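**Student:** got a predicted model here, sequence first, then my questions.
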Amino acid sequence: MAEEGRTAEAARRTEGEGAGPDALRVGVLAYPGCFASEVFGVPDLLTMAGHVAGPDAPGYRVSVLSPRRRVTASGGTRLDVRPP
């Protein structure tokens, strides 16, 4: 249960500091059986990129997308997703 909502939390962190109105929008595709580390890794990587780029950079807005309503990654981790 602790991992539920982890993707949404990573996306909120990415949209936080430095993600102004000109933020770049990034979609991460989640599908049944995908590796959760790939889905979680992209927002984390972009968060670090935003820190390196500095406060004047536009930042990123990351959404985890799937044509399915619910996605369970390998290992049983449920992912919060949005429709594309």
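**Tutor:** It's in.

**Student:** might you report the residue contacts of the closest residue to Val81 other than its chain neighbours?
**Tutor:** Nearest non-adjacent residue to Val81, counting by CB to CB, 6 or more residues apart in numbering: Ser66, 4.0 Å away. C-beta: built from backbone N, CA, C; applies to glycine. Ser66 makes contacts with Leu29, Ala30, Tyr31, Leu79, Val81, Arg82, Pro83, Pro84, as judged by CB atoms under 8 Å, 6 or more residues apart in numbering.

**Student:** got it, and Val28?
**Tutor:** Applying CB under 8 Å, 6+ apart, one finds that Val28 lies in contact with Val39, Val42, Pro43, Val62, Ser63, Val64, Leu65.

**Student:** go again using 10 Å as the cut-off
**Tutor:** Neighbouring residues of Val28 by CB atoms under 10 Å, 6 or more residues apart in numbering: 7, 10-11, 34, 38-43, 46, 62-66, 79, 81.

**Student:** fine by me, we can end here.
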